[in-house]
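K.L.:
Turn this into a structure:
(chains A and B)
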Amino acid sequence: AQSVSQHNHHVILSEAASLELGCNYSYGGTVNLFWYVQYPGQHLQLLLKYFSGDPLVKGIKGFEAEFIKSKFSFNLRKPSVQWSDTAEYFCAVNGELTGGGNKLTFGTGTQLKVEL
Amino acid sequence: DTGVSQDPRHKITKRGQNVTFRCDPISEHNRLYWYRQTLGQGPEFLTYFQNEAQLEKSRLLSDRFSAERPKGSFSTLEIQRTEQGDSAMYLCASSRSTSYSNQPQHFGDGTRLSIL
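P.N.:
Numbers count the residues shown, from 1 in each chain, chains lettered A, B, ... in the order given. You can find the predicted model right below:
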C-alpha cells in the first residue's frame, strides 16, 4: 500500500525567505506525485504534478518540486515566499484503481505561515 | 470550469441520525471520488465512481455508508446511524479519463459534518 510522509507540520517564514517542504513516499507501482494547496477557507487546489519525464516540475505561483527516485522524495520549493502563500500544503501519491481511476494518498499536510 | 460543487457546506446532526451529502462534479468529468478528512490529517480515500459504476470502496467505508451516482452525473453519500467518529470534512473530487495520461483530481469545498 502506498504512503506519504511530510516531515514539517508547521512552518513559519518571513516574506522573501526560501521555502522547502519535505515529502517522502512509498509505492510499488508507477509513481505519479502531486502537491495540493489549501488556502484558508478554500478548496484543495493543484499546485503541480509529476507523471514522467523531467524530474524538476514547475507549478503555479512560482512553486517547483523535484522528484528524486533514489530517495523516494518529492520536495516542494519556492525561492521567495509571499504573505499570500500562507496555506496548508499536501503532498500526495496516486495508486491505481479498477477502471483506471487514481486513488490519492495524502500526507498529513504542512501548515505554512508567512509573516510580513 | 465551474468547479466541483458540494452541498451542504455544513451539517450538524445528533448521533444516530441519517445524513446525505451531494456532489456535483465538473460536467465533462466521468470519474468521481469521495474522501474524508479529519483534523490534522490529509484526505483519505473512501470510494470511486467511473460514470455510474462504483468501482472501488475503501475499508474505511463501513456498512453505514453508501454512495450512489445514478446517472453518472451527481453523486450522493449517505451515512446512516451517525456516530461521533463520523465527524469530519467529506470531500468530493472529479477527474476526466483519457487514453493518454492521468488527469488530476479537482476538489470541491467539502461538507463539514459535526455530530452532537
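K.L.:
quick one, phi/psi of the residue sitting furthest away from the middle of chain A?
P.N.:
Distance from the C-alpha centroid of chain A, by Cα atoms, centre = their mean, peaks at residue A:99 (25.9 Å). Note on residue A:99: backbone dihedrals following degrees, to the nearest 10 are phi 80, psi 0.
K.L.:
That one and chain B, how far apart?
P.N.:
Look at residue A:99 and chain B: by Cβ to the nearest Cβ, to the nearest Å, they are 4 Å apart. Just so you know, the C-beta spots here come from the backbone N, C-alpha and C atoms, and that holds for glycine as well.
K.L.:
got a list of what the closest residue to chain A within chain B touches?
P.N.:
Taking Cβ to the nearest Cβ, chain A has its nearest neighbour within chain B at residue B:42, 2.9 Å off. Applying Cβ atoms under 8 Å, 6 or more residues apart in numbering or on different chains to residue B:42 gives the contacts A:4, A:90, A:92, A:106, A:107, A:108, A:109.
K.L.:
Which residue is the nearest non-sequential neighbour of it?
P.N.:
In space, and not counting its chain neighbours, residue B:42 is closest to residue A:106: 2.9 Å by Cβ to Cβ, 6 or more residues apart in numbering or on different chains.
K.L.:
Isn't the one you found up against residue B:91?
P.N.:
No: Residue A:106 is beyond contact range of residue B:91, at 10.4 Å (criterion: Cβ atoms under 8 Å).
K.L.:
buried residues in the lowest-mean-pLDDT helix or strand in chain B?
P.N.:
Confidence across the helices and strands of chain B bottoms out at strand B:53-57, with a mean of 91, counting by mean pLDDT, DSSP states H and E. Across strand B:53-57, burial judged by 16 or more other Cβ atoms under 10 Å in any protein chain shown covers B:54, B:56.
K.L.:
Show me what from chain A comes close to chain B.
P.N.:
For chain A, the residues in contact with chain B (Cβ under 8 Å from any Cβ of the partner chain) are A:4, A:32, A:34, A:36, A:42-46, A:49, A:51, A:90, A:92, A:94, A:97-109.
K.L.:
Filter the residues you listed down to the buried ones.
P.N.:
By 16+ other Cβ under 10 Å, the residues of chain A next to chain B give A:4, A:32, A:34, A:36, A:43-44, A:46, A:49, A:90, A:92, A:94, A:97, A:101-107, A:109 as buried.
K.L.:
Next, count neighbours for residue B:41.
P.N.:
Other residues near residue B:41 come to 15 when the count uses other Cβ atoms under 10 Å in any protein chain shown.
K.L.:
before we move on, what about residue A:110?
P.N.:
When neighbours are defined as other Cβ under 10 Å, residue A:110 has 21 of them.
K.L.:
my guess is it meets residue A:11, correct?
P.N.:
Yes: the criterion here is Cβ under 8 Å, and residue A:110 meets it with residue A:11 at 5.9 Å.
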